[in-house]
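Participant: Have a look at this fold, sequence not included:
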């Protein structure tokens, strides 16, 4: 058994290294991913060990990066593309939505597009505009894309392995403010399904569901609520498309209350879809309406205001109290 404690960023680096070693068709592409090792050093050392033909520094042209990855995938490669920051993905949005997501269906299933698009996302690092956004719902809405986000180093390691091995395109959102959070990584573990929910904490009074950067906040909220005698179950959703509704339903049928938390704006966010589906599935089990906690429906603010914008412990606990008050 190989268990090592490492930061989330290091876990992704180790996962990419494992994939490069295991399959010569795996390539890494992106702006500054090679010599620099990426803005967050997630690809540090990979070009030195695997060469410039497998870890490729690209021009500053996201549309060209993804378009090239699509061509490589059509020729049998498994490219892993890095978009430097969440807000920089939109020059490539046309390629992702109109080509990457649709070619498999357009070819009646005869074409596979095993492309992973890595996107550091979310706030909490004091960055400027276009460096702290959470655009995951824009991709989850698009049929043909798989959309996932790990919350800890162990999941980051295995989910990246599974994403690279997938024959479908995967948008891999990495919570940048969790890059330096450490957790145990078991490299010999048998991972659960890529799109399955993980029960991060057992509870009986209310279900908190989150993914990516907000799982840690929800675990802190559950610990605080326990001091007041409240038993909160925390679900790490891990995947925004597809969503493991069966696991969420099983938890809600037990606790009878659900609060969904994400950094992205609440309006038309992932929480809205979950609230609608769980209301349909669990109407006669619910003791309270499904509540949502998230960012505001406004452009991401300047860094000095981001703590007011981001959902934190107080806003999550307020939603918990409101749900339990019904």
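Facilitator: The structure has been received and is ready for your questions. Everything numeric in this text was worked out from a predicted model, so none of it was measured. Numbers count the residues shown, from 1 in each chain.

Participant: moving C-terminal of the longest strand along the chain, what's the next helix or strand?
Facilitator: When the chain is parsed with DSSP state E, its longest strand is strand 258-265. The helix or strand immediately downstream of strand 258-265 is helix 270-282, counting by DSSP states H and E.

Participant: Give me the helices and strands touching the helix ranked longest in the chain, please.
Facilitator: With secondary structure taken from DSSP state H, the chain has its longest helix at helix 8-22. If contacts are counted by 3 or more C-beta pairs under 8 Å, 6 or more residues apart in numbering; DSSP states H and E, helix 8-22 sits against strand 26-30, helix 46-50, strand 78-82, helix 153-165, strand 170-175, strand 182-186. Just so you know, the C-beta spots here come from the backbone N, C-alpha and C atoms, and that holds for glycine as well.

Participant: who touches it?
Facilitator: Under the contact criterion C-beta atoms under 8 Å, 6 or more residues apart in numbering, helix 8-22 has outside partners 6, 26, 28, 40-46, 49-50, 54-55, 78, 80, 118, 150, 152-154, 156-158, 160-161, 164, 174-175, 178-183, 185, 187.

Participant: buried sites along that helix?
Facilitator: By neighbour count on 16 or more other C-beta atoms under 10 Å, the buried set for helix 8-22 is 8-16, 18-20.

Participant: Quick one: neighbours of residue 173, just the number.
Facilitator: Residue 173 has 25 neighbouring residues, counting by other C-beta atoms under 10 Å.

Participant: Same question for the one 3 residues further on.
Facilitator: Residue crowding around residue 176 was assessed by other C-beta under 10 Å; the count is 26.

Participant: Which element, helix or strand, includes the closest residue to it other than its chain neighbours?
Facilitator: Nearest residue to residue 176, sequence neighbours excluded (C-beta to C-beta, 6 or more residues apart in numbering): residue 120, at 4.2 Å. Counting by DSSP H and E, the element that carries residue 120 is strand 116-121.

Participant: Provide the strand pairings for that strand, with the direction of each partner.
Facilitator: Using DSSP bridges, the strands paired with strand 116-121 are strand 78-82 (parallel), strand 170-175 (parallel).

Participant: ok, then the element right after that strand?
Facilitator: Going down the chain from strand 116-121, the next helix or strand is helix 136-140, by DSSP H and E.

Participant: For that next one, which helices and strands make contact with it?
Facilitator: Secondary-structure packing of helix 136-140 (3+ C-beta pairs under 8 Å, 6+ apart): strand 146-148, strand 170-175, strand 239-241, strand 258-265, helix 270-282.

Participant: elements contacting the next helix or strand after the last one?
Facilitator: Helices and strands here follow DSSP H and E; after helix 270-282, the next one along the chain is strand 291-295. Under the contact criterion of 3+ C-beta pairs under 8 Å, 6+ apart, the helices and strands touching strand 291-295 comprise strand 258-265, helix 270-282, helix 313-324.

Participant: For the residue lying closest to residue 62 once chain neighbours are set aside, give me the pLDDT.
Facilitator: Excluding the flanking residues, the one nearest residue 62 by C-beta to C-beta, 6+ apart is residue 92, at 3.9 Å. If you check residue 92, the pLDDT there is 98.
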